[in-house]
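Chemist: How does the following fold in three dimensions:
(chains A, B, C and D)
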Protein chains: 2
Amino acid sequence: MGHTRVTATTSDEGAAVPVTIRDVARASGVHISTVSRTFSAPHLVNPETRVRVLACAEDLGYRPNRAARALITGRTHNIGLIIADIANPFFPPLIKAAESQARHRDYHVFVADTNEDPTAEEELVHALAKQVDGVLLCSPRMSNSLIEQLSREVPLVVVNRQVAGLPCVLMDVGQGARTAIEHLIGLGHRGIALLGGPRSSWTNREMRRAASAAARSGGAELTVLGPNAPTEIGGSAVAEQVRRSGVSAVLAYNDLMAIGLIEGLDALGVRVPQEVSVVGVDDITLSRLTRPKLTTVATPTGAAGRTAVDMLLQQDIESPRGARGPGAGTALGIRRTTAQVMLQTDLVIRDSTGPGPHARPARPLAAPPGPDPHCPAGPGDPTVATGDAVAS
Amino acid sequence: MGHTRVTATTSDEGAAVPVTIRDVARASGVHISTVSRTFSAPHLVNPETRVRVLACAEDLGYRPNRAARALITGRTHNIGLIIADIANPFFPPLIKAAESQARHRDYHVFVADTNEDPTAEEELVHALAKQVDGVLLCSPRMSNSLIEQLSREVPLVVVNRQVAGLPCVLMDVGQGARTAIEHLIGLGHRGIALLGGPRSSWTNREMRRAASAAARSGGAELTVLGPNAPTEIGGSAVAEQVRRSGVSAVLAYNDLMAIGLIEGLDALGVRVPQEVSVVGVDDITLSRLTRPKLTTVATPTGAAGRTAVDMLLQQDIESPRGARGPGAGTALGIRRTTAQVMLQTDLVIRDSTGPGPHARPARPLAAPPGPDPHCPAGPGDPTVATGDAVAS
DNA sequence: TACTTCATTGCAAACCTTTGCAGCATCACG
DNA sequence: CGTGATGCTGCAAAGGTTTGCAATGAAGTA
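Modeler: Sure, this is the predicted structure:
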């Protein structure tokens, strides 16, 4: 058994006897339908009866069988959460927030990891479709058209990807990139590189667009390097290229790449931030722990998770899925509301950015020179517009 | 709307028409029971019929309704995974491995986060009990007796905690601590501190026991500091205390604490590893990314997740839960096998440990002087002993 | 030929809950 | 006192699947 110890024993234990609505009915002397209503429509049952039933239920330790409930209502009270890679530090806060939000709404969350594989993504949606009321697709790797197609099978909310006709939760990395570039220009940098991420990434395109515009209007020159793998390795691999390009500042696709780049530069003897400034995106926990501490564009990951759950549930609530009740059969067209929510990002200035070659000596390196000052509370949860409401 | 943009539109879409076993039966001209058997007991149906049914099912896009199946079999094919804090970098690899393993066995995983709250833990077990076939309790914060009690409600597997009579997956941190201490002694350290974690932690007790023994037999003196919060903050908070204690090396309860400590020491002007060596435990991704790179005891997190799932499923397979089939009712005692698996740990030497005051100049600081050389493949998955098998 | 065995399939009950409908008091009002 | 309304409860069907049992037919055996 090599490097593992195993000890085993067996024993007999009393099995949990399943207590059903029927037991509660018998104990409290009412019909099962009354018990059912006590839980699902309390206002329809006499207060006296209600307390008696509740007492009996409590006594017997009754818990409704969600499978049976799902069978008849068509709603499982479960949602699926499909993630490219759970071990990527960007996602755990999102998972955590989504799970918490769902639980507050009496939903449970299936978490599934695709290992960055688009095929696995598709299969998972299929596999989950029948046993959840909706699926959150986080940073999907499959094509928009496939996503649209799958959305006919099960309600979908997409995070970090813009899909026409589907509810999306996006982070305003455009604004983030702009603020970051302005911060660098304010520090006196004129030659700036953008370390691109995966080609198919919506975030990547947005960042590039915004960074170019900001550099142009700030009188700086932007060099785009990439696409690259959005990992630490991807970052360290371009260190040499960054050095050769002669830029004095870099905006990386995400924190992992930024950290990798700093490592790579260090190995080449290039010091950060003295010789090159580096900005990341995401503000993962890690970015506070490396040295130098990373200046980064904080993305509201938790808020994204909560918002996505809200949007999904909102959709579900107005349109129960599948056959419904005994007299069903007319499930032809459901009204579906598709909102796109854009969450604000915030630049967090730490130690990986410093004065560039064109710095004015007097200038203190403090707050970012962004056009609008951020509210200090940080990014909060948006109110999701319902129905035909349109804002901005 | 403050810092958030929301746009919304509504549209009508065709709802997914649920295709049931009945549709498949009609399409392929057989009875529904034959369709059912095609999926759940293929050997009972004529090969010809089988292919026809499968073709029709494929055609119509049939997916079995797991709620209905669960209702009658009493098995949901879901498992619960209760985690103290998803955002703690120790857990994601475990979650990822468990989810993957479960999926290979045609199970889905509910992930729930307790925010380190024992009460939430208990509630979650209750809430999940009826809708999963078993629960994985990871690094639980509640008492052993409560865990035992809950295990009568739903099959439980415990990770990182030893509970008599319950299947447990443990990491051999005792061995890890011993190896780490021996490594430090080999480097010439004689005054060593142990940074304790939470008091109620099984891991904490094991480490302390093993570290004391190793220090004693190696002629070093061990100072125990703590208990402390198992976080970066907890680590940096004791930096001053470490400096005052005059030790030249520290073994921390986990990597986060070790990293926090290094930060704290740095702030005090104490350099690592030149003045103080630091060893962590866990080998989280982060430990490769900080500077200096952390020497640490690697715990087989992924293997733990996989093993725990295996143990749970093994238990389930031999003992279906609750009422079973039409003629049930005799669910009095089920046979349950409780194995305790101990997974090996491995010392990973990086840059946060160096020669101590008693170092012999000639000695290269290479491999650890542990009594048994590790197999280089690293910790693998154990074979779980079934039934009455007992190994070592 | 008659009888058994076997493979395959159909039948129908059961799992637990929800919910439309109907029944029954009770009460108020005219 | 009759009528209608109201509040509460019971009845029974329905949801999709599994599974013990029975029925069928074919093949093998005596």
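Chemist: Which residue ranges of the stretch 1-150 of chain A form strands?
Modeler: Remark: strands assigned in the stretch 1-150 of chain A by DSSP state E, counting those that start in this stretch are A:4-14, A:78-83, A:108-113, A:135-138.
Chemist: now do the stretch 201-350 of chain A
Modeler: For the stretch 201-350 of chain A, applying DSSP E, counting those that start in this stretch gives strands covering A:221-225, A:249-252, A:277-282, A:295-298, A:333-343, A:346-348.
Chemist: Please identify the most buried of those strands.
Modeler: Looking across these with neighbours counted as mean count of other Cβ atoms under 10 Å in any protein chain shown, the highest average goes to strand A:249-252: a mean of 31. (Each C-beta comes from the backbone N, C-alpha and C, glycine too.)
Chemist: Quickly run through the sheet partners of that one, with directions.
Modeler: Pairing partners of strand A:249-252, with direction, according to DSSP bridges: strand A:191-195 (parallel), strand A:277-282 (parallel).
Chemist: Could you tell me how far the last one lies from the centre of the chain?
Modeler: So that's strand A:277-282. Remark: strand A:277-282 is offset 20 Å from the chain centroid, using Cα atoms, centre = their mean, to the nearest Å.
Chemist: before we move on, what about the shortest one?
Modeler: Per Cα atoms, centre = their mean, the displacement of strand A:191-195 from the mean C-alpha position of its chain is 27 Å.
Chemist: now what about it, what contacts it?
Modeler: Contact partners of strand A:191-195, identified using Cβ atoms under 8 Å, 6 or more residues apart in numbering or on different chains, comprise A:177, A:181, A:184-185, A:207-208, A:211, A:215, A:220-226, A:228, A:235, A:238, A:242, A:245-253, A:257-258, A:261.
Chemist: how close does residue A:45 get to residue A:31?
Modeler: Summarising the geometry, the distance separating residue A:45 from residue A:31, computed by Cβ to Cβ, to the nearest Å, is 11 Å.
Chemist: Looking at these two, which one has more neighbours?
Modeler: residue A:45 (18 against 11; other Cβ atoms under 10 Å in any protein chain shown).
Chemist: The more buried one and residue A:34 touch, don't they?
Modeler: Yes: applying Cβ atoms under 8 Å as the test, residue A:45 and residue A:34 come out as touching, 5.9 Å apart.
Chemist: and for the two, which residues touch both?
Modeler: What both residue A:45 and residue A:34 touch, as defined by Cβ under 8 Å, 6+ apart, is the set residue A:53.
Chemist: all helices for the stretch 51-200 of chain A, in order.
Modeler: For the stretch 51-200 of chain A, the helices defined by DSSP state H, counting those that start in this stretch cover A:66-73, A:92-104, A:118-129, A:144-150, A:173-186.
Chemist: End to end on stretch A:243-255, go ahead and measure it.
Modeler: 19 Å (Cα to Cα, to the nearest Å).
Chemist: Quick one: mean pLDDT for it?
Modeler: Regarding stretch A:243-255, the rounded mean pLDDT is 97.
Chemist: Ok, stretch A:82-96 next?
Modeler: Mean per-residue pLDDT for stretch A:82-96: 94.
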